[in-house]
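Asks: Here is a sequence together with a model predicted from it:
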Amino acid sequence: MSDVLTIARLGLREAVRRRVLPVVLALSVAFLVLYWLGVGVVREDAVPTGGALGPAVAEQVEPALDAATTGVLLGLASFATLFLGATLAIFLTAGAIRGDAERGLLQPLLVRPPGRLRVLAGRWLTATAVAVPYTLVLHLGATSIMRWRGGTAPDAALLSAVELSLAVGLIALLSLAASVLLSQVAGGIGAFMAVGAGLVGSLLGQIGDAIDSGGLQRAADVVAIVLPFEGLYEDVLHRLTADSREPLLSLGPFGGADPAGPAQLAWTAVWALAVAAIASHRFARQDL
Amino acid sequence: MAAGASSPPALELRGLAKTYRAGRRAALRGIDLRVGPGELVGLLGPNGAGKTTLTKIACGLVAPTAGSAHVAGAPAGTADARRATGYLAELFRFPEWLTADEVLRLHQRLARSAGGERERRERLAEVGLETSADLRVGAMSKGMQQRLGIAQALVGAPRVVLLDEPTSALDPVGRAVVRELLVALRERGVGVLLSSHLLGEVERVCDRVAIVVDGRVVADDAPRALTRPAGVELETDRGTRLVPDAGREDAPALVAAAVADGERVYGVRVRRSTLEDVYRDAVGDAGDRGVQRR
């Protein structure tokens, strides 16, 4: 274990040296400030008042609009958090294996007793040690803003943040596995496209639900199986927007919002183990 | 010599073959090679002969297609073999933001060496970097980085050291430092496989030389045994001439004959072929791909 920590520490120092963390922190603060402003503006200006609609209509419409607005804002927070967390995870892992091997940085480490699997584990630990807590804190920050500035306290804020962090940990794993098989650029692009494909898949699923298209629904199901971090993300959206999904959010811009059952969570664990096993197997036999 | 007579070979390769899937190119075609404890073996060959592949198989970075490689009795690539191996790659890099001391500290941790600061100081002193412990890699010249790479390879008291072109970026002083270090390693009982294009360096320091051409060992012996008599050269007032078939024992008679013939003799030299001659004969046309006489 100490070997894994040594490798992880080296990766963390590399991330600090490259100023990844200050840049990400600055961008995150910018996002939170914008989110703070956005929530305030939406709450003050965008929700219609009873005077404009008349008291009877307002009594019926305002709660629904309020719930829908809250859902959109929380969906935005989740989407942005996933995007930033995934970006960080991918940047920390995309060149971790093939990229470092091509630069000649990896070989001196691999001929030492710890060997390849511990180096691989150390690289994953570097990414997760940064990206997972980052995602957790950022999402909690956004939901806290929603609580203080927006006047709405999501029921499952902590659980959602944890789940989103797990999704980012899975993306880090996928990106690291890609870095075993592909060059830095190809692996990074591939990982980003996988994240994008997950979001597109869930949107297709929503469209499939709306127009009752079995083909689109099946396509979304396949995407959720192949890329289970998307299932976690959908579960987060479901937790945060369950009160307001119909009708405004059923085709919302932030992806599907289906709950993840125990079977999907179990599959996610199996998927993670399988990806780790495939990456380890390939890395163990790779000529460097 | 530190190692006993019963110690397993520092490095033993048997029938080693490697065919890369990309391009289906055979890099090695059945290599047998042995490096004993405290033995310095030079590995020569033109570019693409398979030297780097051989070295990488020995340290577990590349898997052989056939044959076996053992380091200090353990199959190459296993944890035991890696514990016994020090390696300097031809193309390597350390993180630029680490200091020399931090690089060695990192490798001490990974090698589980208990040598502490003393070992780090000694390794740096061996390569002439004793005053550069706090210098960052990014501020070092290529030659200094190469020396640091050699120091890194020696962390953890390896039983075999695999050096792939360790002096390519070094100036003559740096090469002399490395030569002294190699001699010191021999005295410590460490086996060394030195892959190089610098024939002069190899000839000067190695106990044995293996020449690899197209993935096969075409010559493997002591430098002295690989070279052969190349005649006797006489320098007289009528000029310098070479008597190609003559040997050391013929020199007095040749001088006497020249004097009897009224020549004034200024010098007589018994000639042997050089390792470069041996190398050129061994590699033939492939030799045009890279030999440096320095």
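Replies: It's in. Residues are numbered from 1 along each chain as shown, chains lettered A, B, ... in the order given.
Asks: Residue B:110: which element?
Replies: Element membership for residue B:110 (DSSP states H and E) is helix B:100-111.
Asks: For that helix, which helices and strands make contact with it?
Replies: Helices and strands touching helix B:100-111, as assessed by 3 or more CB pairs under 8 Å, 6 or more residues apart in numbering or on different chains; DSSP states H and E, comprise helix A:2-17, helix B:116-126, helix B:142-153. (Each C-beta comes from the backbone N, C-alpha and C, glycine too.)
Asks: Could you dump the ones you listed into TSV with mean neighbour count and mean pLDDT added?
Replies: Converted to TSV, these look like this (neighbours: other CB atoms under 10 Å in any protein chain shown; pLDDT from 0 to 100):
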stretch	mean neighbour count	mean pLDDT
helix A:2-17	18	88
helix B:116-126	16	93
helix B:142-153	22	93
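Asks: Columns distance to residue B:95 on top of these, output as CSV?
Replies: Converted to CSV, those look like this (distance: least, CB to CB, whole Å):
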stretch, distance to residue B:95
helix A:2-17, 6
helix B:116-126, 17
helix B:142-153, 12
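Asks: To residue B:80, which of the ones you listed lies closest?
Replies: helix A:2-17 (15.5 Å; CB to CB).
Asks: what's in contact with the helix holding residue B:110?
Replies: Residues from elsewhere that reach helix B:100-111 (CB atoms under 8 Å, 6 or more residues apart in numbering or on different chains): A:2-3, A:6, A:10, A:108-109, A:112-114, B:83, B:94-95, B:98, B:113, B:115-116, B:119-120, B:123-124, B:129, B:132-135, B:137, B:140, B:148, B:151-152, B:155-156.
Asks: before we move on, back to that, do you know which of the helices and strands packed on helix B:100-111 lies nearest residue B:237?
Replies: helix B:142-153 (47.1 Å).
Asks: From the chain's centroid, how far away is that closest one?
Replies: 16 Å (CA atoms, centre = their mean, to the nearest Å).
Asks: ok, now stretch B:145-156?
Replies: 15 Å.
Asks: That stretch close to chain A?
Replies: Yes: residues of stretch B:145-156 contacting chain A under CB under 8 Å from any CB of the partner chain: B:149, B:152.
Asks: Need the CA coordinates for the helix holding residue B:110. CSV is fine.
Replies: Below are the C-alpha coordinates for helix B:100-111, written out as CSV (Å, rounded to 0.1, in the frame of the first residue of the first chain):
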residue,chain,number,x,y,z
ALA,B,100,18.5,15.0,-7.6
ASP,B,101,18.1,14.0,-4.0
GLU,B,102,14.3,13.7,-4.3
VAL,B,103,14.7,11.4,-7.4
LEU,B,104,17.0,9.1,-5.4
ARG,B,105,14.7,9.3,-2.4
LEU,B,106,11.8,8.3,-4.6
HIS,B,107,13.7,5.3,-5.9
GLN,B,108,14.8,4.4,-2.5
ARG,B,109,11.2,4.1,-1.4
LEU,B,110,10.2,2.1,-4.4
ALA,B,111,13.3,-0.2,-4.0
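Asks: what inclination does it have with respect to helix B:116-126?
Replies: 120 degrees (axes from the mean of the first three to the mean of the last three CA atoms, to 10 degrees).
Asks: can you list the residues of the stretch 151-294 of chain B near chain A?
Replies: So the stretch 151-294 of chain B meets chain A at residue B:152 (CB under 8 Å from any CB).
Asks: what residue ranges in the stretch 151-294 of chain B are flagged as low confidence?
Replies: Scanning the stretch 151-294 of chain B for pLDDT under 70 picks out B:285-294.
Asks: what do you get if the cut-off is 90, keeping everything else the same?
Replies: Along the stretch 151-294 of chain B, segments meeting pLDDT under 90 span B:165-180, B:196-205, B:214, B:218-219, B:222-230, B:244-248, B:271-294.
Asks: what's the nearest residue to the closest residue to chain B within the stretch 51-200 of chain A if we skip its chain neighbours?
Replies: Closest to chain B within the stretch 51-200 of chain A is residue A:112: 3.8 Å, counting by CB to the nearest CB. Take residue A:112 and drop its neighbours on the chain: the residue closest to it by CB to CB, 6 or more residues apart in numbering or on different chains is residue B:110, 3.8 Å away.
Asks: So which residues of the chain form helices?
Replies: No chain in the question, so chain A it is. A:2-17, A:20-41, A:50-53, A:55-93, A:98-103, A:107-110, A:115-148, A:157-181, A:184-211, A:214-226, A:228-241, A:262-284 (DSSP state H).
Asks: hm, I was asking about chain B
Replies: B:51-58, B:79-83, B:100-111, B:116-126, B:142-153, B:172-188, B:199-205, B:223-226, B:251-260, B:275-283.
Asks: Output the fifth one as PDB, restricted to C-alpha atoms.
Replies: Taking only C-alpha atoms (Å, rounded to 0.1, in the frame of the first residue of the first chain), the coordinates of helix B:142-153 have been written out as PDB:
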ATOM      1  CA  LYS B 142      21.600  16.300 -20.500                       C
ATOM      2  CA  GLY B 143      24.900  14.900 -19.200                       C
ATOM      3  CA  MET B 144      24.000  15.600 -15.600                       C
ATOM      4  CA  GLN B 145      20.600  14.000 -16.100                       C
ATOM      5  CA  GLN B 146      22.400  10.900 -17.500                       C
ATOM      6  CA  ARG B 147      24.700  10.700 -14.500                       C
ATOM      7  CA  LEU B 148      21.700  11.000 -12.300                       C
ATOM      8  CA  GLY B 149      20.000   8.200 -14.200                       C
ATOM      9  CA  ILE B 150      23.100   6.000 -13.500                       C
ATOM     10  CA  ALA B 151      23.000   7.000  -9.800                       C
ATOM     11  CA  GLN B 152      19.300   6.100  -9.800                       C
ATOM     12  CA  ALA B 153      20.000   2.700 -11.300                       C
END
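Asks: now for it, which elements pack on it?
Replies: Partner elements for helix B:142-153 (3+ CB pairs under 8 Å, 6+ apart): strand B:85-88, helix B:100-111, helix B:116-126, strand B:160-164, helix B:172-188.
Asks: quick one: it to helix B:172-188, angle?
Replies: Going by the same axes, to 10 degrees, helix B:142-153 makes 10 degrees with helix B:172-188.
Asks: which residues sit against helix B:142-153?
Replies: By CB under 8 Å, 6+ apart, helix B:142-153 touches A:108, B:86-89, B:92-94, B:100, B:103-104, B:107, B:123-124, B:126-129, B:132, B:135, B:137, B:140, B:161-163, B:166-171, B:174, B:177-178, B:181.
Asks: Residue B:217 touches residue B:28, doesn't it?
Replies: No: Residue B:217 is beyond contact range of residue B:28, at 9.7 Å (criterion: CB atoms under 8 Å).
Asks: Of these two, give the one with the bigger neighbour count.
Replies: Between residue B:217 and residue B:28, residue B:28 has the larger neighbour count (other CB atoms under 10 Å in any protein chain shown), namely 27 against 23.
Asks: hang on, the earlier thing: between the helices and strands packed on helix B:100-111, which gets nearest to residue A:262?
Replies: Among the helices and strands packed on helix B:100-111, helix A:2-17 sits nearest to residue A:262 (CB to CB), with 30.3 Å.
Asks: Please tell me how far residue A:286 sits from residue B:215.
Replies: Look at residue A:286 and residue B:215: by CB to CB, to the nearest Å, they are 21 Å apart.
Asks: Which residue of the two possesses the greater neighbour count?
Replies: Taking neighbours as other CB under 10 Å, residue A:286 and residue B:215 compare with residue B:215 leading, 23 against 17.
Asks: list the contacts for the more buried one?
Replies: B:17-18, B:26-31, B:49-50.
Asks: 10 Å instead, please
Replies: Residues near residue B:215 by CB atoms under 10 Å, 6 or more residues apart in numbering or on different chains: B:16-19, B:25-31, B:45, B:48-51, B:53-54.
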